[in-house]
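**Student:** Just the structure for this:
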Amino acid sequence: MQTPDRHPRESTSPLLRTSSLLLIIACTAHAGAQHAVEVIDYVPGQGNSGAYANPASALGPPTRISNSAVDPSVVTPFQPAWRPDELVTIGVGGRLVLAFEEPVLDDPANPFGTDLIIFGNSFFTASNPQSPCVGSIYEEGGLIEVSLDGIDFRPIEGALADGLFPTLGYLDAEPFGTMAGTEESDFTRPVDPAMAELMLEGMCWDELLTSYGGSGGGTPIDIGPTGLAAIRFVRITTPTGSMFLPEIDAVSDVAPGGVASDLDGNGTVDGGDLTLLLGAWGETGSPFDLDGDGVITGSDLTRLLGDWT
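**Tutor:** Alright, predicted model coming up:
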């Protein structure tokens, strides 16, 4: 592992280095599903028993099915990943620094204006195990900072690394299932942040799946407020005095070019999206509110038909 402050010092000027880096960013194409590929630094911190102290567990995509070789459980918002080879714990005073191979861009055109997604093992408690509805959320926090050069880290305000939205591995999963589904969620597609309040008001399973909109969950982050045009490094820390120890599964770059009218997240705007929109006709507070006026009406239908593929 290599810490950012051990990178070789170059003799070129900071302005030249920055200009060159921005040129590389501008010429780099997004490589589809993209996740952190390198551990730069890891300090376990206090409270970590050691079993969950492998930082490489946070590389690559999030977990879809936990403990798959012995006693599998599908990862859903009610049933999180839990194995040591799937998660790394950041104890009190600890930190984890991960790096992407390619820069994550601040792109306002990304779905909901978000650029980065962090996956932990938060979960919703179920008010009724047989027909589960959200009771509350169990989340373990973690402060988030991002950086372009691995030296200048900027905080992400108002977001928890191990928090909303709990991971969803499959779009056709059962809430407490033991078998993998056939339709994978998209780990580079964020949940609409506006859904948080509605979920915590007690959404039940079918509505919860719909509200994810094809996403695999995770904490959605807009890097724009940091003032950075792009980032490559993500640092997660647990402050002194914290009562909780965040666990991290993965970090993803949001895929660009998402179309809001693709309501089912299958990559096209077609009959499936039309069915979802018509099924929510007249509803208020729906995740399918394309024009943002608070209710599903003819204006939303017009927008969907305009994006038809």
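
**Student:** okay, CA-based contacts and neighbour counts for the rest of this
**Tutor:** Will do.

**Student:** pretty sure residue 104 is in contact with residue 253, am I right?
**Tutor:** Yes. If you go by CA atoms under 8 Å, residue 104 and residue 253 touch, sitting 6.0 Å apart.

**Student:** who's more crowded, these two?
**Tutor:** Counted by other CA atoms under 10 Å, residue 104 and residue 253 do not tie: residue 253 has more neighbours, with 29 against 24.

**Student:** Okay, buried residues for the lengthiest strand in the chain please.
**Tutor:** Looking across the chain with DSSP state E, the single longest strand is strand 95-105. Neighbour counts over strand 95-105 (16 or more other CA atoms under 10 Å) mark 95, 96, 97, 98, 99, 100, 102, 103, 104, 105 as buried.

**Student:** helices or strands up against that strand?
**Tutor:** With contacts taken as 3 or more CA pairs under 8 Å, 6 or more residues apart in numbering; DSSP states H and E, strand 95-105 sits against strand 38-43, strand 230-237.

**Student:** CA atoms only for the following helix or strand past it - export them in PDB, please.
**Tutor:** Later in the chain than strand 95-105, the nearest helix or strand by DSSP states H and E is strand 116-119. Output in PDB follows, covering the C-alpha atoms of strand 116-119 (Å, rounded to 0.1, in the frame of the first residue of the first chain):
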ATOM      1  CA  LEU A 116     -20.000   8.900  -6.600                       C
ATOM      2  CA  ILE A 117     -21.700   6.200  -4.700                       C
ATOM      3  CA  ILE A 118     -20.400   4.600  -1.400                       C
ATOM      4  CA  PHE A 119     -21.700   1.200  -0.300                       C
END
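
**Student:** Contacts for strand 116-119, please.
**Tutor:** 62, 104, 161-162, 166-167, 188, 190, 217-223, 248-254 (CA atoms under 8 Å, 6 or more residues apart in numbering).

**Student:** Now do the strands in the stretch 51-200 of the chain.
**Tutor:** 65-66, 73-74, 88-89, 95-105, 116-119, 123-126, 134-138, 143-147, 154-155 (DSSP state E, counting those that start in this stretch).

**Student:** now, of the ones you listed, which is deepest in the fold?
**Tutor:** Here the criterion is mean neighbour count by mean count of other CA atoms under 10 Å, and of the strands of the stretch 51-200 of the chain the winner is strand 88-89, at a mean of 30.

**Student:** what's the next secondary structure element after the helix or strand where residue 210 lies?
**Tutor:** Assessed by DSSP H and E, residue 210 sits inside helix 205-212. Helices and strands here follow DSSP H and E; after helix 205-212, the next one along the chain is strand 219-221.

**Student:** Sheet partners, orientation included, of that next one?
**Tutor:** As defined by DSSP bridges, the strand partners of strand 219-221 come to strand 116-119 (antiparallel).

**Student:** thinking again about what came up before, JSON lines for the strands of the stretch 51-200 of the chain, including distance to residue 204 and mean pLDDT?
**Tutor:** As requested, the strands of the stretch 51-200 of the chain are exported to JSON lines (distance: least, CA to CA, whole Å; pLDDT from 0 to 100):
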{"stretch": "strand 65-66", "distance to residue 204": "21", "mean pLDDT": "94"}
{"stretch": "strand 73-74", "distance to residue 204": "18", "mean pLDDT": "95"}
{"stretch": "strand 88-89", "distance to residue 204": "30", "mean pLDDT": "98"}
{"stretch": "strand 95-105", "distance to residue 204": "34", "mean pLDDT": "96"}
{"stretch": "strand 116-119", "distance to residue 204": "22", "mean pLDDT": "98"}
{"stretch": "strand 123-126", "distance to residue 204": "9", "mean pLDDT": "95"}
{"stretch": "strand 134-138", "distance to residue 204": "6", "mean pLDDT": "95"}
{"stretch": "strand 143-147", "distance to residue 204": "29", "mean pLDDT": "98"}
{"stretch": "strand 154-155", "distance to residue 204": "34", "mean pLDDT": "98"}
